Every structure is written in C-alpha cells, then in structure tokens.
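Participant: missing the sequence, but the structure's below:
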C-alpha cells in the first residue's frame, strides 16, 4: 500500500512513518517545520520530501510522487497558544492548506482515504453534564487554533459530500508520549530528568494540579488512525480519547515515583493559566464500534518511557 504522511517530522507523524515502514508499505513523508528533535526522524529522512501545504504546487508534487492509497493529513500549526500570537499563519496553514490537499487529490484523479487530524479543541468549554463529550456536541472553539480545526473538518466533509473525496475526521484528545514537547507530561518529565541529572535544582515546578485529563499514549493514537484508515466510514467523525481521566497531581506523583532522586514540588505562577478546563474527556464509543480500537499502553508506561526518552537526550548533552 502507498502511504503519504503529511507532517512526518511532527510528533504523531513520526510514529505513523515508523509503523508504516515496519509494516512494509511504500511510504513517503513530508517535512516543513519539524516539531520533534532531528534525531527522531533521521532514520527515515531519505523518504522525506519538502512540502509546505500552503503552496499548492508542493502538495501536487507530494501526491504525484507517492500516488497514495492513504493520506494522513497531520501537517498543521498545531499549538493553541501560538495561534493567539499568529492567528493568520494558523488559519493560512490549517485551512487553506487543507483545501490545497483536497484540490490536489481532485486534480490527480486519485481515490485515497484521507485521515484528517482534527482536535478536541473544536468543542471549547463543555458543561459537566456533557462529559464525556460526544461527536454530536456543538463546536464552540475558544481560540484561533480551535477555529482552524473546525474549518479543516468542515472542508473535509464538504469535499466528501460534493466531490466524493473520501476522508475520516479524527477529533484527537490529549495525547502524549516520547518525543512530545509542550504538554504537561512532557514538561514534567523533562524537568524531572534535568533535576535528576543535576542540571537544575531538585525542584519540580508545576502549574494547576486540580484539573482532570483523559490521556492517550501516542502509540495507541497511531493505531487508532491506522484503524480509521482501514475501517472508518467516509465522511465520518470520530473522537479519539483516553478511556480514563487522571488528575494532574496524580501524574505528578507518577513522575516523582519514576525519578532516581528526591524532588520538591513547587507551584510556579508562570505555569498557571488564566482559565483552564476542569475536565477534558471524550466519548470514543463510535471509534470503538467502527474499528475495535482499545488502549493498550498504560499511563504508567507512558510516563516511564518519557522519562527514559529525556534521559537519553540529556545523557548525550552532558557527556
């Protein structure tokens, strides 16, 4: 099978690349602005082509070269906080870029299944009585990134309705794992390892520990996306959420248990947000019914693997 991973030097894309190569598929990935360490994608760099999805001719080239049966549309400006500072760039990349991909598919006269990375940020604030949130819940995003993902999804659905370009939309909830940066698990594990190695003082600085999050390991997410490519219904929308919520202070405890030194926990005012959803948790029953997906990686393993990942990175730096 021919697979094209748009955004192959990103967190999720790197796992999809490795899994597809290991499965024996013909795989092409694109790179533009990597969001993971260069060493994490060096192993498949000979399969990469440069493609900024904002430029149609580059998308045309990627599709012509790969002739894909499956496209994973992961290329995006994927940071909600950055979208406040760069709303035009976010909308340009995520919305116009999505249109470029679907127009390129039409022009190439191909019939791939497109797995579109959407986001739980599309829902915005959800009342307690509506948690875990279902796909039928209204979308009221609270930042430009969330707005861009609503538009991304609606574009995909209209290309199916009007042009029969097949796609499934995956509304992805909190996902973490080795290589991740910028989320609570990545920040905590990175700080803990730096303290363990004596690079910073033995203090684990934290933000709000009272919120609850359903967390999925990136390897389980990659499996869910693969299953949607194979079994998802064209025009379908699916939540991908962990089946259990964890309070952030419980994650802090897992991190403390996994390091080889005693750390003091301190709240850092700079890490506190003006507002924070108390619970983020999605109902994945539609995904499970369609594909049989289930989580296989426990949070304890995820945190342990993330600690080992950072140990490997910092061990190289301190030699």
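Facilitator: Cool, the structure landed. Bear in mind that the values here come from a model prediction, so they are computed numbers and not experimental data. Numbering: from 1, shown residues only.

Participant: can you give me the strands in the protein?
Facilitator: With DSSP state E as the criterion, the chain has strands at 2-6, 26-31, 48-50, 70-73, 113-119, 167-172, 175-176, 203-206, 212-214, 216-217, 236-240, 245-247, 264-267, 279-280.

Participant: pLDDT of the first one, averaged?
Facilitator: Meaning strand 2-6. Here strand 2-6 scores 98 as its mean pLDDT.

Participant: quick one on the thing from earlier: which one, of the strands of the chain, ends up nearest to residue 224?
Facilitator: Ranking the strands of the chain by proximity to residue 224 (C-beta to C-beta) places strand 236-240 first, at 4.9 Å. For glycine as for every other residue, the C-beta is placed from the backbone atoms N, C-alpha and C.

Participant: run the chain-centre distance for that closest one.
Facilitator: 14 Å (C-alpha atoms, centre = their mean, to the nearest Å).

Participant: and what of stretch 147-162?
Facilitator: Relative to its chain's centre, stretch 147-162 lies at 18 Å (C-alpha atoms, centre = their mean).

Participant: for it, which positions count as buried?
Facilitator: 147-157, 159-160 (16 or more other C-beta atoms under 10 Å).

Participant: now for those, which pair is the farthest apart?
Facilitator: Longest span within the buried residues of stretch 147-162, C-beta to C-beta: 147 and 160, 21.0 Å.

Participant: related to what we said a few turns ago, any idea which of the strands of the chain gets closest to residue 79?
Facilitator: Among those, strand 113-119 sits nearest to residue 79 (C-beta to C-beta), with 11.2 Å.

Participant: which stretch among the strands of the chain comes nearest residue 128?
Facilitator: Closest among those, using C-beta to C-beta: strand 279-280, at 7.2 Å.

Participant: and residue 185, what does it touch?
Facilitator: By C-beta atoms under 8 Å, 6 or more residues apart in numbering, residue 185 lies in contact with 176, 215, 251, 302-303, 306.

Participant: looking at those, which are in helices?
Facilitator: Among those, the members found in helices (DSSP state H) are 251, 302-303, 306.

Participant: so how many other residues sit close to the closest residue to residue 157 other than its chain neighbours?
Facilitator: Excluding the flanking residues, the one nearest residue 157 by C-beta to C-beta, 6 or more residues apart in numbering is residue 235, at 6.1 Å. Look at residue 235: counted by other C-beta atoms under 10 Å, it has 17 neighbours.

Participant: just checking, residue 235 touches residue 163?
Facilitator: No: in this structure, residue 235 is not within contact of residue 163 by C-beta atoms under 8 Å, at 11.7 Å.

Participant: now the end-to-end length of stretch 70-85.
Facilitator: In terms of C-alpha to C-alpha, to the nearest Å, the two terminal residues of stretch 70-85 are separated by 33 Å.

Participant: that stretch: which residues count as buried?
Facilitator: Across stretch 70-85, burial judged by 16+ other C-beta under 10 Å covers 70-78, 80, 82-83.

Participant: with stretch 21-35 instead?
Facilitator: 21, 27-32, 34-35.

Participant: swap in stretch 125-135?
Facilitator: Going by neighbour count (16+ other C-beta under 10 Å), the buried part of stretch 125-135 is 126, 131-133, 135.

Participant: for those residues, which one is nearest residue 103?
Facilitator: residue 135 (26.3 Å).

Participant: which residue packs closest to the closest one, ignoring adjacent ones?
Facilitator: Counting by C-beta to C-beta, 6+ apart, residue 135 lies nearest to residue 237, which is 5.0 Å off, once chain neighbours are set aside.
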